[in-house]
Structures are given as structure tokens and as C-alpha cells.
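Chemist: what would the 3D arrangement of this be:
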Amino acid sequence: MATPLRVLIHGGGIGGLTLAVALARRGHTVEVAELRDELDALGVGIIQPSNALHVMREIGVLDACIAAGFEWEVLTICDPAGATLAKIPQPRMGDSPSNNGIPRPALARVLGDAAAAAGVAIRFGTTIGELADDGSGVEVTLSDGSTGRWDLVVGFDGIGSPLRTRLYGDRFAPEYTGFANWRVTVPRQPEVQGVVMSTGNEAAKALLTPITDELMYLGAVFAEAADFRPDPARAHEQLAERLAAFSGPVAEALTHVTDPDAVVYSRISQVTVEEPWHVGRVVIAGDAAHASTPHLAQGAAMAVEDALVLAESLDVEDDVSAALAAWEARRRPRAMFVQNLSRAILKQETGSATTPEEDELLKVGIPGAAHVLVKPY
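Modeler: Model (predicted):
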């Protein structure tokens, strides 16, 4: 697109900031409306697989991500006692590393610094109040009372996306899968040089993921009632009870979990927006459009791919409408592959019934999916 655009991004998370950097580096004027008062991500750590690291390379922050995290190349599968069952080398996309574990706050700082350096304006404590799309632009009133006109509005505002609700009502609300993720940061054990996944017994799986030289996080997935929430005073004990059948490195990690406030609990839900992901010049992306279960570690990777491909589509198409159509044509099949296979793996690991379509996907498996996902998107 020959003419630089004015773009408003709703949400300053991983996907939103990646898009902001990608667009600003291309000469577009970018503003981010972020409800929080600072770019300090909640949660523990995150895995950046090779396809996500390729995007980080493309927006100029790969080295900063690697410096802030822990690069690794081999997935280790263990039994509940910690005995090694398999070591699986992880593929690379081009010359990008295989994987990087990184604390979420550190990644937020990396992307925030890159956005500032690219000239992105971030409006903190702000959300969209009203918007009106007249076909040639979008008039927006923000929650601070300010107004503006943008050529494109993009919602990277998460699984509970207010922008999605504004566009589609409650037709595509998050669907709870019946399972939840427990995570907590602990000291890294020297032998944990990559993700260590222990499977079996009561838990679907427990994972140890290195995120710095000093730290890793323990994650575990369990079936939980829809209305269950951890006891604020006993969350660490409730996690230990669920992992009682595990010994070895998982049990060792649990000895460091003494603070209930350190335990992060999140229900695993899924979002599938079955209509076009854009309405006029307003578009949703990442978890707002296609949130998946975490079983391929591809949630954030899909968001940053969305961001880079949207920037590329705006490069080559003549107008915004054509760019959004081209973007979705590229992104929907890949995002749906990740979502469908992730959900099938969740069912398989927990003994839930799978559909014939899911059985076909499961033939691909996690190693096969890793090889698919390091191919160009």
C-alpha cells in the first residue's frame, strides 16, 4: 500500500505490540489503546517456538528475546517418576532458533521498548468507547474522552475481547474445555535444559519449562469444574495435591512452591469466530479470533504470525479491504489447524472421546505439527 495508514490497535499484549512494531517500522502511524497502566504482563513464562522467533527476527527483537530468556532445542518426555522416555529434537524455521523460554514480563519489556523506538504511541488506561466505520475510515471515541479517525482498527484484545463482542455480540464467546492450567515459577534445575514433559496418572501432563538461566515454570493441566477457583490461602497446597503422583523433577520443583499467591490458575477456553474476522475496517486477531488450548504451545505464536502477515498484506494490497481479505485467507487455515489439533491432543491426553476428524489430526501428532509449523506461513 503506497499511502501510509493511521492504525489504532486495541490491546498492548504480545500480538498487539508485534503488529505495532511491524507497522511502525514500515512507515505507518500507529497508536495502541491499552487498558492497563503499564506494559507489565501477568502470568509466568511463555514458550516462543521457532515460528514465533522468526517473527521476532523480522521485527528486529530476536536477539533481545534470546538474551532475556533461555534458548533450548530438545523436548524431553518422562514418566511420572522422572525417568526419560524420549528426547525429541525440535525443528527450526530457517535460521531462527528452535525454541526460547522467556518470562512474560521480560517479553513485554522487549516489545514495549521496540514499539517506543519505532515511534508507536501507547495510550495507557484507555479502551475504545465508541466507533463508527463509514467505509473510508473509522471514527473512534476512546474511554478518556479523546476522539480520532483511523484507517484501520485492530483488536488484539485477548480471549475476552470487547471488540469481538462489539462486532459479533455473544455469538463467539469463549468455550470452556473443562480443563485448567496451573503454573508457577520456581528455580531452574540444572538438568532442565529444555521443556521436560511428564505424563501419566491423574494429571494430563506436567511440564517444566526453562525461562532464564535461574528460573523455570512448572505447569500442569487438570480437569476442573467450571465454577472452581483455587483457595487463595491454599493454592500451592491444592497444586501439590494434584501432582502427588509425580516424583523426580516435578516433585523437586514443588518443594519451592510455598506461596499461594505465586500460583497462576487459568481456565482453558477456546474461541472460534466462524464469520469473517473483519467487519469493514475493524478486524480482530490472535486470541480474540481463534484462541486455542495450550497443547502445541502456539497461542502467542499464532498471534505474532497474525501480526506480521497483516503488516505484509498491507504492504502488497492496494486497499485495506483487499489486505484484510488476503490476510484472513492466509491465516485462517493455519490458525484452525493449530486450534483443532490442540483440542484433539487435550482430549487424547485426558481420555475424552474424539471425533473422526480429530482422530485424523492426531495422526499428525505433536512432532508432525512442529514440522508443519516451521514451514512458511
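Chemist: rest of the way, CA atoms for contacts and neighbours
Modeler: Will do.
Chemist: need the pLDDT of Glu349.
Modeler: pLDDT, Glu349: 82.
Chemist: can you tell me the SS state at it?
Modeler: helix (DSSP: H, G, I helix; E, B strand; the rest coil).
Chemist: also the one 10 residues further on?
Modeler: Reducing the assignment at Asp359 to three states with three-state DSSP gives helix.
Chemist: any idea how far Ile345 is from it?
Modeler: 10 Å (CA to CA, to the nearest Å).
Chemist: so how far is stretch 175-189 from its chain's centroid?
Modeler: How far stretch 175-189 lies from its chain's middle: 14 Å, per CA atoms, centre = their mean, to the nearest Å.
Chemist: more neighbours: which of Asp359 and Ile345?
Modeler: Using other CA atoms under 10 Å as the criterion, Asp359 and Ile345 rank with Ile345 on top: 23 against 15.
Chemist: what helix or strand is that one on?
Modeler: Counting by DSSP states H and E, the element that carries Ile345 is helix 320-350.
Chemist: same for that helix, what does it pack against?
Modeler: Other elements packing on helix 320-350 under the criterion 3 or more CA pairs under 8 Å, 6 or more residues apart in numbering; DSSP states H and E are strand 203-210, helix 287-290, helix 299-316, helix 356-362.
Chemist: tabulate these (JSON lines), appending distance to Phe222.
Modeler: Shown next, in JSON lines, are the helices and strands packed on helix 320-350 (distance: least, CA to CA, whole Å):
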{"stretch": "strand 203-210", "distance to Phe222": "6"}
{"stretch": "helix 287-290", "distance to Phe222": "21"}
{"stretch": "helix 299-316", "distance to Phe222": "19"}
{"stretch": "helix 356-362", "distance to Phe222": "20"}
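Chemist: okay, those, which one's buried deepest?
Modeler: For the helices and strands packed on helix 320-350, average neighbour numbers computed from mean count of other CA atoms under 10 Å are highest in helix 287-290, which has a mean of 27.
Chemist: quick one: residues contacting Val7.
Modeler: 28-31, 150-154 (CA atoms under 8 Å, 6 or more residues apart in numbering).
Chemist: between strand 203-210 and the longest strand out of those in the chain, find me the angle.
Modeler: Counting by DSSP state E, the longest strand found in the chain is strand 175-187. Counting by axes from the mean of the first three to the mean of the last three CA atoms, to 10 degrees, strand 175-187 points 40 degrees away from the direction of strand 203-210.
Chemist: output strand 175-187 as CSV, nothing but the C-alphas.
Modeler: Taking C-alpha atoms only, strand 175-187 is exported to CSV below (Å, rounded to 0.1, in the frame of the first residue of the first chain):
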residue,chain,number,x,y,z
GLU,A,175,-16.0,-22.0,25.3
TYR,A,176,-14.6,-23.7,28.5
THR,A,177,-13.0,-27.0,27.7
GLY,A,178,-13.4,-28.5,31.2
PHE,A,179,-9.7,-28.2,31.9
ALA,A,180,-7.5,-25.6,33.6
ASN,A,181,-3.8,-24.7,33.6
TRP,A,182,-1.8,-24.3,36.9
ARG,A,183,1.5,-22.6,36.6
VAL,A,184,4.1,-21.3,39.0
THR,A,185,7.7,-20.0,38.6
VAL,A,186,10.4,-21.9,40.5
PRO,A,187,14.3,-22.1,40.4
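Chemist: mind listing residues that contact it?
Modeler: Contacts of strand 175-187 (CA under 8 Å, 6+ apart): 44-45, 214-226, 239, 253, 256-257, 262-271.
Chemist: re earlier: got a markdown table for the helices and strands packed on helix 320-350, with mean pLDDT and distance to His371 too?
Modeler: Listed next are the helices and strands packed on helix 320-350 as a markdown table, based on pLDDT from 0 to 100; distance: least, CA to CA, whole Å:
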| stretch | mean pLDDT | distance to His371 |
| --- | --- | --- |
| strand 203-210 | 85 | 20 |
| helix 287-290 | 98 | 21 |
| helix 299-316 | 98 | 14 |
| helix 356-362 | 93 | 14 |
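Chemist: who does the longest strand of the chain pair up with?
Modeler: strand 215-223 (antiparallel), strand 264-270 (antiparallel) (DSSP bridges).
Chemist: that'll do, ta.
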